[in-house]
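Student: How does the following fold in three dimensions:
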Amino acid sequence: MPTAFAPDSGWIRFHAAVLADETHLARLLATPDAAACHDTALALAAELGLTLAPEEITRAIANARHAWLLRHTAPIPPSATAPDAPRSPHWLPIQLHPGDASTCATVEWASFGDLALTDPFFEQSIGAALRHPARLLFRHHTSLDALAPLADTAPELAPAGFVFHVSRCGSTLVAQALAADPRHRVLSEPSPLDQLLTFDAANPLLTLAQRASRLRGVVHSYARRRRPEEERLFIKFDAWHTLHLPVIRAAFPATPWIFLHRDPVEVLVSQHRQRGYQFIPGMMDPRPFGITPEELPTLDFDTYTARILRAAFDAALVALATPGSPGLTVDYRNLRAALPGLLRAHFVVPDDETTRTALAAALPRHAKNPTLEFAADSEAKHREAGEPLRALAARWLDEPRRRLLARNA
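Tutor: Numbers count the residues shown, from 1 in each chain. Coordinates of the predicted model:
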């Protein structure tokens, strides 16, 4: 279990000194392994005239690992925050801690240096970054309000495209194809955006304009150029974020977006095999999806999944029908063949050798596990589907799916 440090301890003073000077952190990050980082920290503390015991570093690492492992179930907001967002673009938000009636939400930042965000999911990129003990130990905390200046500042990497989806329908393939191009920064389901959208949706005091401004601040914090070749920012949202399209569109009205969908039977089979956490009853407030708290205990997992998917379908259809919407619907069956043209025509990605190389690298691979080759599984899923899943698809999902296919035609 974590053990707190006294406010005047050597570790607390050393921690503050490192966060106050980027050169100190850079020196620690330059170490090749944990042992070298440990020795460099002791040497740096001595140079700064601070008394730092080796066991304090060991204890601090244990505390940091414990807090990070429990971040989703028992987040521990820091006792102090910095007044401003980190000036260096190498710092990215990795977690939001909710506020209460008297405190603002807190943003937790980690220094990524020039690490490329090419993992299938942003959470995996965070894990890769935090394997270095210096990144694990030295994280900034600011209030969410500290991002307000970013909301009204033109980002270096303007959002060039958003990806929405109903899950298990090729969205990770699109993200991986985009991320294979070094000119793109791709955020694949970043949890801070989900946390912000969820927190703000539950706050009736926030107007749509205020929510949009807060969202711009967080998105723009990811849009500062870290690598010289970066030109565009793309975001793949979570499957349930179609319900937040009014806020996202208010924040970024000109950003083109796509909505990926798939035969509902295939999606239901995939979720039945391995359910995403958002499709587990009780993991999210069911009311935005048209499910009352009283109704929730009566739903089995598959029925709950169908209801969540129906809400996602309906929200996407409403947004697609909005006059002037830069949205486009894409059927999974056509995705691999259509992807080059989609990127060129809708996301305005250049049709050049770099783009073709990126697509050639991504399309043959399994999107969620790029070490494997892609293998079509639609027929197998239809063979596996039993009558209960087919009935759920027919009751809840076939009608919105037909409407989406009509838009594809």
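
Student: And the helices in the stretch 101-250 of the chain, which stretches?
Tutor: Secondary structure of the stretch 101-250 of the chain, counting by DSSP state H, counting those that start in this stretch: helices at 122-129, 133-137, 148-151, 171-179, 191-201, 208-221, 245-251.

Student: Contacts for the second one next, please.
Tutor: With Cβ atoms under 8 Å, 6 or more residues apart in numbering as the contact definition, helix 133-137 has outside contacts at 15, 25, 28-29, 31, 34, 37-38, 60-61, 64-65, 68, 110-112, 129-130. (Each C-beta comes from the backbone N, C-alpha and C, glycine too.)

Student: Run the chain-centre distance for that helix.
Tutor: 21 Å (Cα atoms, centre = their mean, to the nearest Å).

Student: Among the helices of the stretch 101-250 of the chain, show me which one is buried the most.
Tutor: Across those, averaging neighbours per residue (mean count of other Cβ atoms under 10 Å) puts helix 171-179 on top, at a mean of 26.

Student: which helices and strands sit right next to it?
Tutor: strand 159-165, strand 184-188, strand 232-236, strand 257-261, helix 335-345, helix 353-362 (3 or more Cβ pairs under 8 Å, 6 or more residues apart in numbering; DSSP states H and E).

Student: Sheet partners, orientation included, of the third one?
Tutor: The reference is to strand 232-236. Strand 232-236 pairs in its sheet with strand 159-165 (parallel), strand 184-188 (parallel), by DSSP bridges.

Student: most tightly surrounded among those?
Tutor: strand 184-188 (a mean of 26).

Student: OK, contacts around the residue positioned nearest the centre of the chain?
Tutor: Computing the C-alpha centroid of the chain and ranking residues by Cα atoms, centre = their mean puts P190 first, at 0.9 Å. By Cβ under 8 Å, 6+ apart, P190 lies in contact with P93, F122, Y222, I235.

Student: do that again at 7 Å, thanks
Tutor: F122 (Cβ atoms under 7 Å, 6 or more residues apart in numbering).

Student: again, but for K368
Tutor: Counting by Cβ under 7 Å, 6+ apart, K368 makes contact with P120, T172.

Student: now the residue sitting furthest away from the middle of the chain, what's its secondary structure?
Tutor: Most distant residue from the mean C-alpha position of the chain: G49, 40.3 Å away (Cα atoms, centre = their mean). Assigned with DSSP: H, G, I helix; E, B strand; the rest coil, G49 falls in the coil class.

Student: gap between it and V174?
Tutor: G49 sits 53 Å away from V174, taking Cβ to Cβ, to the nearest Å as the criterion.

Student: for I308, same thing?
Tutor: Using Cβ to Cβ, I308 is found at 21 Å from V174.

Student: picking up where we left off before, select, out of the helices of the stretch 101-250 of the chain, the one closest to D352.
Tutor: helix 171-179 (14.4 Å; Cβ to Cβ).

Student: what's the angle between that closest one and strand 257-261?
Tutor: 140 degrees (axes from the mean of the first three to the mean of the last three Cα atoms, to 10 degrees).

Student: so helix 171-179 versus helix 335-345, what angle?
Tutor: 40 degrees.

Student: closest one to S9 among the helices of the stretch 101-250 of the chain?
Tutor: Among the helices of the stretch 101-250 of the chain, helix 133-137 comes nearest to S9, with 14.2 Å by Cβ to Cβ.

Student: Now the closest one: average pLDDT?
Tutor: Helix 133-137 shows a mean pLDDT of 96.

Student: Ok, stretch 84-91 next?
Tutor: 94.

Student: and it, which residues are buried?
Tutor: Neighbour-count burial for stretch 84-91, with 16 or more other Cβ atoms under 10 Å as criterion, is recorded at A85, P86, P89, H90, W91.

Student: One more: stretch 272-283?
Tutor: In stretch 272-283, counting by 16+ other Cβ under 10 Å, buried: H272, R275, G276, Q278, F279, P281.

Student: tell me the contacts of R139?
Tutor: Counting by Cβ under 7 Å, 6+ apart, R139 makes contact with E108, W109, A110.

Student: With P89 instead?
Tutor: Counting by Cβ under 7 Å, 6+ apart, the residues that P89 touches are R224, R225, R226.

Student: Weed out the non-buried ones from these.
Tutor: R224, R226.

Student: need the contacts of P89 in a markdown table with distance to A358, can you?
Tutor: Formatted as a markdown table, these follow (distance: Cβ to Cβ, whole Å):
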| residue | distance to A358 |
| --- | --- |
| R224 | 23 |
| R225 | 19 |
| R226 | 19 |
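
Student: ok, so of the contacts of P89, who is nearest P54?
Tutor: Closest approach to P54 among the contacts of P89 (Cβ to Cβ): R226, at 33.0 Å.

Student: how far away is the closest one from L173?
Tutor: Plainly put, R226 is 25 Å away from L173 if you go by Cβ to Cβ.

Student: Repeat that for D21.
Tutor: For D21 relative to L173 (Cβ to Cβ), the value is 42 Å.

Student: L29 now?
Tutor: 33 Å.

Student: thinking again about what came up before, which of the buried residues of stretch 272-283 fall in helices?
Tutor: Among the buried residues of stretch 272-283, DSSP state H puts H272 in helices.

Student: Is it possible to get TSV of the buried residues of stretch 272-283 that adds distance to A316?
Tutor: Below are the buried residues of stretch 272-283 laid out as TSV (distance: Cβ to Cβ, whole Å):
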residue	distance to A316
H272	22
R275	21
G276	18
Q278	16
F279	17
P281	22
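
Student: So which of the buried residues of stretch 272-283 sit within strands?
Tutor: Applying DSSP state E to these, no entry is found in strands.

Student: from the buried residues of stretch 272-283, which is closest to A321?
Tutor: Q278 (24.7 Å).

Student: in terms of contact, does that closest one touch A239 like I think?
Tutor: Yes. Counting by Cβ atoms under 7 Å, Q278 touches A239, with 6.5 Å between them.

Student: For L405, grab the count of nearby residues.
Tutor: By the criterion of other Cβ atoms under 10 Å, L405 has 14 neighbours.

Student: scratch that, T298 is what I was asking about
Tutor: Around T298 there are 11 residues (other Cβ under 10 Å).

Student: And the pLDDT for it?
Tutor: For T298, the model assigns a pLDDT of 96.

Student: phi, psi of it?
Tutor: phi -90, psi -10 (degrees, to the nearest 10).
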